[in-house]
Structure formats: structure tokens, C-alpha cells
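# Sharing a sequence plus its predicted fold:
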Amino acid sequence: MRRENAFVCIGSLAMAWAISACAGAEIVEPERDTADLLAKLRTVCLAEQGGGAIAACRKVVRMQPEDAEVEGRLGWLLVQDGRLPEGTAHLRKSLDLRPGHAETLVQLASALHRRGDLQAAVESYRKAIQVRPDDIDTCVTLAQLLRKLKHREQAVEVLRQAVERQPGSAAAWAQLSLTLGTLGREAEAIEAGRKAVALAPDDANVHSNLGLFLSNQGAVAEAILHLKRAVELEEQNATAWYNLGLAHTKGDALEEAARAFLRSLSLREDFPQAHHSLAVVLTGMGLCKLAAAHFDRSHELGVRSAPIVVEQFRAICQPARVEPAGEPKAAEGEDDGAEAVKGEDGDG
């Protein structure tokens, strides 16, 4: 009888209750096992990066479809991995489950921005700021996007509100200065730029931008101080060297201007405004063949010479029988000024 019991006990391996009885172990319930697996997958999803985290998130949303946090995490991981349509869909699902979640709104805005749906990105950034008005980074990002869309006055309004909430934000003051400068409100741009420099004295770009606005307002000596500081802080900053060249040009220091423009071009050869400005300076120095070469290059890159520039070149360089190519049409628009100051998304 005992032998039969032993046989039954050992032979019933397919039955969990029999195994437990033979071994004297606690019965493992399927629900508990599933909960443990879900917890482990969720931890990987929320804490790790890359394909493993994406795979874990996918399993969690299949097992637990209404998990807003995991939906949002999966969406953002996919966006970072370049899978924008799928990532955007999961971010939207997350917002359906928890409307008004600020971080997810920012991530959705970023995804939409990358997809090129800029107006929808603006709306998502605005919603995020309504929920979290002290998020200065999002305010700055929204302002940059508004400026790209040519909604400069709206950008100024966003940044004014940002500096009112956090007057110690150098980034907000710097972006406000830049935006005011693109509107031609340079006196206000200088005021904001001084505050940015005071808060971030080691930021080459804020010195460069302030130097440009000062130079445009005729404060050449002060402008050169800031621009020299900018290139000391960041020797590889092509835009700062270019702005320094402009300031020296306004101060009639043509050799210094030429050196600054050449330095800028050594860092960024396809810098059209630097080629054109160098050509103007070289014309003033009587170096006509060099000037013509740089005029030609600037025209190849899309800059047109103003009539007064063409007339000056002809007056000085006619004996050389070399003239700048391109139509004698003045270059207009914000692009020249924006590139001379700083790239829209922080380049340069």
C-alpha cells in the first residue's frame, strides 16, 4: 500500500497540487506568478533604455492595457528610437488615460515637432505650460518654435511671462534678447542681453548676441569687448567670430575685421554672410581679386549684393576688370540677422 502511494505521488507530476503535496512545498498560484512577472516587466520598461525596455513595455501594455504610465514610457522610447508615428500613437493613448499630464504633453510636442507638425507641437507645448507654468525649459522651447514659425510677438509674450516667473533664468533672458533682436527692437534686446550675461557670464552665445546688438546700435567699443570674450570662451564659435568681424567693420578696423571673418570661415567654410562681409572689407582694402572670389562664393551660397556694394566694388576694382557675380539686389529678411546672431535651435 505504501509503495502504491509512493507511485501515485511520484507519477502525478502533471498535477501541481500533487507535486506540492509530495514535496511539502507551498502551492504557487497562477495569479501571483503573473503579478510578479508583470512587476518585473514594468520595472524594466520604466527604468531601462533601448530595445529591451521597449519589448518589456509592449508586454506590459498587452497584459495591462490601461497602464497610462507604461503607455507614455513606450511612446517616448519609440520616439527616441526614431519610430515617430507609433510613438506618437502611444503618447496620445497615455494622454487619453490621464489627460493633462505635463511630461507626456511635452514629449508629445517633441514628437510632433520631429515629425514636422509644428502647429500641433505648439498647441501641446502650450497645454503643458498651462499645467506646469514654471517649466522654463518648455517655455524656452515653445518660444524657439514660435520664432521658427515667424510668430515672434507670441514668442516674446511667452518669454516675458517666463522671466516674470523666474527672473534668474539666463536661458529665458537670452532667448528674449534674441527674439527682440529679430524684431528689430534692439534697445530692448540689449537690456535683456545684459541680464543674460550677468546670469551666465561664461556663455559665449549670450556675449556674442549682446555684442551684435550693441554693434548695431553704434556702441562698437563695448560690443568688441563682449565679442572678444565670446571667442575666448569658445574659440570654435564661427558666429561669434563673424559678429566680431562686423563690429570691427563698423569701427573701420578693416584688417581686424578681415582676420575675424577669415577665422569664422576657417571654422565654417559654407558661411555665406561671412564670405560676403569679408568681400566687402577686402574691397575697402583694395584687394580686388580676393574680394571677387569671396563675392562669388557668397552668391553661390545664396547671398545677393546690394546695389551700393556693387557700385563700391566697381569704383575701386574696375581696373582689375573683376566684378562680383549675381544680381545687384539687396538681401533682406531675418535669415541674415538670425544667422549672424545664433541658430534658431541653438546651433553655432
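That came through, no problem.
# can we go C-alpha only for contacts and neighbour counts from here?
Fine.
# so how far is stretch 55-63 from its chain's centroid?
Distance of stretch 55-63 from the chain centroid (CA atoms, centre = their mean, to the nearest Å) equals 31 Å.
# and what of stretch 145-164?
Relative to the centre of its chain, stretch 145-164 is centred 15 Å away, using CA atoms, centre = their mean.
# Just the buried residues of that stretch, please?
If you call a residue buried by 16 or more other CA atoms under 10 Å, then stretch 145-164 has these buried ones: 145-147, 152, 155-156, 158-163.
# Which of these sits closest to residue 286?
Taking CA to CA as the measure, residue 286 lies nearest residue 147 of these, at 39.8 Å.
# Excluding covalently adjacent residues, which one is nearest to that closest one?
Excluding the flanking residues, the one nearest residue 147 by CA to CA, 6 or more residues apart in numbering is residue 155, at 6.1 Å.
# Skip ahead from the helix or strand hosting the one you found and say which helix or strand is next.
For residue 155, the enclosing helix or strand under DSSP states H and E is helix 152-165. For helix 152-165, the following helix or strand on the C-terminal side (DSSP H and E) is helix 170-182.
# If you count contacts, what does that next one end up packed against?
With contacts defined as 3 or more CA pairs under 8 Å, 6 or more residues apart in numbering; DSSP states H and E, the packing partners of helix 170-182 are helix 136-148, helix 152-165, helix 186-199, helix 204-216, helix 334-341.
# Show me what the longest helix seen in the chain is packed against.
Longest helix in the chain by number of residues (criterion: DSSP state H): helix 30-47. When contacts are defined as 3+ CA pairs under 8 Å, 6+ apart, helix 30-47 sits against helix 50-63, helix 68-80.
# any weak-confidence spans in the stretch 1-150 of the chain?
1-31 (pLDDT under 70).
# can you rerun that using 90?
Residue ranges of the stretch 1-150 of the chain with pLDDT under 90: 1-37, 48, 65.
# related to what we said a few turns ago, highest mean neighbour count out of the helices and strands packed on helix 30-47?
Most buried of these by mean neighbour count (mean count of other CA atoms under 10 Å) is helix 68-80; its value is a mean of 24.
# Quick check: buried residues in the helix or strand just after it?
Sequence order places helix 84-97 as the next helix or strand after helix 68-80, per DSSP H and E. By 16+ other CA under 10 Å, the buried positions in helix 84-97 come out as 84, 87-95, 97.
# Identify the farthest-apart pair in the residues you listed.
84 and 97 (20.0 Å).
# secondary structure class for residue 128?
At residue 128 the chain is in helix, as set by DSSP: H, G, I helix; E, B strand; the rest coil.
# Near the closest residue in space to it that isn't next to it in sequence, how many other residues are there?
Excluding its sequence neighbours, the residue lying closest to residue 128 (CA to CA, 6+ apart) is residue 102, at 4.7 Å. Using other CA atoms under 10 Å, residue 102 has 21 neighbouring residues.
# Spit out the contact partners of residue 102.
Contacts for residue 102 (CA atoms under 8 Å, 6 or more residues apart in numbering) come out as 127-129, 131-132.
# Go through the residues you listed and name the one nearest residue 219.
Nearest member of the contacts of residue 102 to residue 219, counting by CA to CA, is residue 129, at 37.5 Å.
# pretty sure the closest one contacts residue 137?
No: judged on CA atoms under 8 Å, residue 129 makes no contact with residue 137 at a distance of 10.0 Å.
# okay, the spatially closest residue to residue 309 that is not a sequence neighbour: pLDDT?
Counting by CA to CA, 6+ apart, residue 309 lies nearest to residue 280, which is 7.2 Å off, once chain neighbours are set aside. Looking at residue 280, its pLDDT reads 97.
# Right, I'll call it a day here.
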